[in-house]
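1. Sequence and predicted structure below; questions after.
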Amino acid sequence: FMCSYFPTKEGNHLISIRYGRNSIQNSPFTVLVEGFAGDASKVVTANKNFLLEGVTVGKEAEIKLITADAGKGELNVSIIDPNGVTDTLPVTIIEREEGDQTVNFTAKTSGFHIIHIKFAGFEIPS
């Protein structure tokens with residue numbers, strides 16, 4: 001016999017295996033699940049009004065991200081300036097606590113900037 005189980009969260013999982021109505025020997029089993037690849041679709045932007053308000057040239061901007069339910073993954077941010085040049089602005093990523101991160105940057109010029117935020121290699125939702 002063969003069976004598969006695909007957990008959706010990290011942590012200890014209790015797995016019971018039965019043959020007919022009886023548990024097999026040593027069942028239930030405790031299995032530690034860790035090291036999930038992150039899910040960018042579960043990253044939440046905590047201050048969505050940031051997108052509507054925009055930023056002020058010379059004033060530090062802050063984007064708050066909640067990654068608690070997204071699993072493990074690296075957060076990467078790149079900004080394209082109004083001239084179409086990538087990574088001219090230094091970006092600081094601060095992990096306030098597990099699953100709560102802040103992205104800080106300061107716009108040097110006025111105009112439309114494009115911000116790409118990736119988690120575990122994939123773009124987060126807009």
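-> That came through, no problem.
2. Look at T92 and report its pLDDT.
-> pLDDT for T92: 94.
3. any idea how far E123 is from the residue lying closest to it once chain neighbours are set aside?
-> Nearest in space to T92, with sequence neighbours left out and distances taken as Cβ to Cβ, 6 or more residues apart in numbering, is N104 at 4.5 Å. For the C-beta atoms, the positions are set from N, CA and C on the backbone; glycine is no exception. Applying Cβ to Cβ, to the nearest Å, the value for N104 to E123 is 20 Å.
4. circling back: look at the residue nearest to T92 and tell me its secondary structure.
-> strand (DSSP: H, G, I helix; E, B strand; the rest coil).
5. list the contacts for it?
-> Contacts for N104 (Cβ atoms under 8 Å, 6 or more residues apart in numbering) come out as 60-63, 91-94.
6. Around I124, how many other residues sit close by?
-> I124 is flanked by 20 other residues according to other Cβ atoms under 10 Å.
7. isn't it right up against V43?
-> Yes - assessed by Cβ atoms under 8 Å, I124 is found in contact with V43 at 4.2 Å.
8. which neighbours do those two share?
-> Residues touching both I124 and V43 (Cβ under 8 Å, 6+ apart) are 65, 117.
9. you'd agree V43 is up against E123?
-> No - at 9.5 Å, V43 does not count as touching E123 under the criterion of Cβ under 8 Å.
10. Give me the common contacts of the two.
-> Counting by Cβ under 8 Å, 6+ apart, the shared contacts of V43 and E123 are I117.
11. So those two - more neighbours on which side?
-> V43 (26 against 13).
12. Could I get the contacting residues of that one?
-> V43 touches 65-67, 70, 117, 119, 124-125, counting by Cβ under 8 Å, 6+ apart.
13. Narrow those to those in strands?
-> 65-66, 117, 119 (DSSP state E).
14. PyMOL command for the buried members of these?
-> One line in PyMOL is enough to select the buried members of these, burial here meaning 16 or more other Cβ atoms under 10 Å:
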select buried, resi 65+117+119
